[in-house]
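Colleague: Quick one, structure for this:
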Amino acid sequence: MGQLLRQPMRSSSIPPSRGILLRRRLAVVVALAVLVGTTDSRAADWELDVDARVLTANGAKPFIDGGLGTTRFGSDQSGLRLGRARFAISQNLGEVWTLHLDASSWGDRDKTPVGLTEGYLQFRPYPVSGYRLRVKAGAFYPPVSLENRSPGWESPYTLSYSAINSWLGEEIRTIGLETQLDWLGTRTGHGFDLGVTGGVFGWNDPAGVAVASGGFTLTDRQTLLGGRVGQPGVAPLFAAVPFREIDGRAGAYAGLEARYLDRVVLRFLRYDNNADPAARDPVTHVIAWNTRFNSAGLRVEGHNGWTAIVQWLDGNTYIEPHRAALNWPFKASFALLSKRVGHHLLSVRYDRFQVDSETGAGGSDGAQRGHAWTAAYVYQSGPRWRYTLEWLRVVSDSYNREDLGAASLAAESQLQLAIRFALGPLAQ
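Modeller: Purely as a prediction, here's the structure:
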């Protein structure tokens, strides 16, 4: 059964030549430059930041290096590392249109050393009669996370994201269109606002392969558009590419959000990539994973600097290779408590996560159980410098470790000191 699970993730495609890829990237850059240059709007807002890490880790190799570690860095990566190098630009095109691009490098073994994590065009007209409309087109995150609310889809509370948001960063991206309509009750004498969101997307058919094969992780690495998870020829991920269209069918999501005085946020979302679980790419032979989930979360911010977040996600991913029905239900949840005092922020988070295996043959490929504790201290001395000290400990039991010849139960830890420097108007 392990071989059956791994087979759909192999790729036999021949990549385009470097020259073709370079010409395509140059064409995109030139087109964007022309677009920005022809507008008479004000100058673009931008941000350049570099995050350097000094760390010590005790754990297996992470998924990007072909391992099954649950943290971003493994034992052989202790020392000085690049956390993230990021450049973002937002250009107003008139009064109601905005172009946003967010590019990053993680300094690891991805096939794309530098690339976009998000890139979209947004239409946001002025509110009318207490209603506000927003439309986004391009590549961006669906509105699930209540934790990752900082620029670059980062968390202001910790370095490592929760298991829920780590998985979203690995495998989930909206490449399509999203519309949000808000009723602004706070502008008409009420104490709350309501919003409804809907999205239609493609190019996310392989989403689910990482959680079924590698399980949940706790990391701050986001897969680049065109990037991969895992390494070529290395089980169990075999360099899976999550952002790919296979069956020609569109996925969709819908969500509701309620805000009370901008201090309490309640959010629900239903997501379904609508992939055909029996479809294969005719060239690469990569299979489509039918992945769907429900999520719910609550964030409460007090007047005295306290913030509390609880979030829950429950779903499953399903494939039918060679007419064999393989299903992996998964769920994760976390609770975070944070306290701000001036320039200082203290946060603690507890995660629980699990992946079940329903292969129809009594196997347990991909089954995982785990929990994690995260504690972080952030000191923001000003808009340019930020210092973060984080301790993370993950205890998990994974069948795939045993299947690859290692002990199934692992206790992994990571201690990081991050120093971040930022430039640009968006960093002010």
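Colleague: got the buried residues for stretch 303-320?
Modeller: Neighbour-count burial for stretch 303-320, counted by 16 or more other Cβ atoms under 10 Å, picks out 307, 309, 311-313, 315-320. (Each C-beta comes from the backbone N, C-alpha and C, glycine too.)
Colleague: so the nearest residue to Thr71 once chain neighbours are set aside bridges to which residues?
Modeller: In space, and not counting its chain neighbours, Thr71 is closest to Gln414: 4.5 Å by Cβ to Cβ, 6 or more residues apart in numbering. Bridge pairing for Gln414 (DSSP bridges) gives the partners Ala57, Leu392.
Colleague: any weak-confidence spans in the chain?
Modeller: Residue ranges of the chain with pLDDT under 70: 1-42, 360-363, 428.
Colleague: Nearest residue to the middle of it?
Modeller: Nearest to the geometric centre of the chain sits Gly169, at 1.4 Å (Cα atoms, centre = their mean).
Colleague: Can you give me every residue that contacts the closest residue to that one other than its chain neighbours?
Modeller: Of all residues not flanking Gly169 in the chain, Gln222 sits nearest, at 4.1 Å (Cβ to Cβ, 6+ apart). Contact analysis of Gln222 by Cβ atoms under 8 Å, 6 or more residues apart in numbering lists 104, 117, 153, 169-170.
Colleague: Just send the residues you listed back as TSV, with distance to Ser381 and secondary structure too.
Modeller: Below are the contacts of Gln222 laid out as TSV (distance: Cβ to Cβ, whole Å; DSSP: H, G, I helix; E, B strand; the rest coil):
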residue	distance to Ser381	secondary structure
Ser104	23	strand
Thr117	26	strand
Trp153	23	coil
Gly169	27	helix
Glu170	32	helix
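Colleague: What about the closest residue to Ser381 other than its chain neighbours? Give its phi and psi, please.
Modeller: Counting by Cβ to Cβ, 6+ apart, His343 is the residue found nearest to Ser381 once chain neighbours are left out, at 6.2 Å. Main-chain dihedrals, His343, degrees, to the nearest 10: phi -90, psi 0.
Colleague: His343 reaches Trp385, doesn't it?
Modeller: No: counting by Cβ atoms under 8 Å, His343 stays clear of Trp385, with 10.3 Å between them.
Colleague: can you give me the helices for this protein?
Modeller: 2-6, 18-38, 163-171, 209-213, 399-403 (DSSP state H).
Colleague: ok, back up a step: among the contacts of Gln222, which one lies nearest to Arg263?
Modeller: Closest to Arg263 out of those is Trp153 (22.1 Å), distances taken as Cβ to Cβ.
Colleague: Contacts only, for that closest one.
Modeller: By Cβ under 8 Å, 6+ apart, the contact set of Trp153 is 102, 117-118, 141, 145, 169, 222.
Colleague: residue farthest from the centroid of this protein?
Modeller: By Cα atoms, centre = their mean, the chain has its most distant residue from the centre at Gly189, 36.5 Å.
Colleague: which residues does the nearest residue to Gly119 once chain neighbours are set aside bridge with?
Modeller: Ranked by Cβ to Cβ, 6+ apart and with sequence neighbours excluded, the top spatial neighbour of Gly119 is Leu101, at 4.8 Å. Beta-bridge partners for Leu101, by DSSP bridges, are Ile89, Gly119.
Colleague: who's in contact with Leu101?
Modeller: 32, 88-89, 116, 118-119.
Colleague: so how far is Leu159 from it?
Modeller: 24 Å (Cβ to Cβ, to the nearest Å).
Colleague: again, but for Asp365
Modeller: 31 Å.
Colleague: who's more crowded, these two?
Modeller: Counted by other Cβ atoms under 10 Å, Asp365 and Leu159 do not tie: Leu159 has more neighbours, with 27 against 21.
Colleague: residue contacts, the closest residue to the more buried one other than its chain neighbours?
Modeller: If the residues on either side of it in the chain are set aside, Leu159 comes closest to Glu390, at 4.5 Å by Cβ to Cβ, 6+ apart. For Glu390, the contact set (Cβ under 8 Å, 6+ apart) comprises 158-160, 374-377, 414-416, 418.
Colleague: how about 10 Å then?
Modeller: Residues in contact with Glu390 (Cβ atoms under 10 Å, 6 or more residues apart in numbering) are 53, 55, 157-160, 220, 347, 374-378, 414-418.
Colleague: Between the two ends of stretch 213-227, how far is it?
Modeller: Stretch 213-227 has its terminal residues 17 Å apart, counting by Cα to Cα, to the nearest Å.
Colleague: so how far is it off the chain centroid?
Modeller: 7 Å (Cα atoms, centre = their mean, to the nearest Å).
Colleague: Mind listing what's buried along it?
Modeller: 213-225, 227.
Colleague: do the same with stretch 275-288
Modeller: 275-277, 279, 281, 284, 286-288.
Colleague: want to try JSON lines for those residues, with distance to Leu68 as columns?
Modeller: Shown next, in JSON lines, are the buried residues of stretch 275-288 (distance: Cβ to Cβ, whole Å):
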{"residue": "Ala275", "distance to Leu68": "24"}
{"residue": "Asp276", "distance to Leu68": "28"}
{"residue": "Pro277", "distance to Leu68": "24"}
{"residue": "Ala279", "distance to Leu68": "27"}
{"residue": "Asp281", "distance to Leu68": "25"}
{"residue": "Thr284", "distance to Leu68": "23"}
{"residue": "Val286", "distance to Leu68": "21"}
{"residue": "Ile287", "distance to Leu68": "21"}
{"residue": "Ala288", "distance to Leu68": "24"}
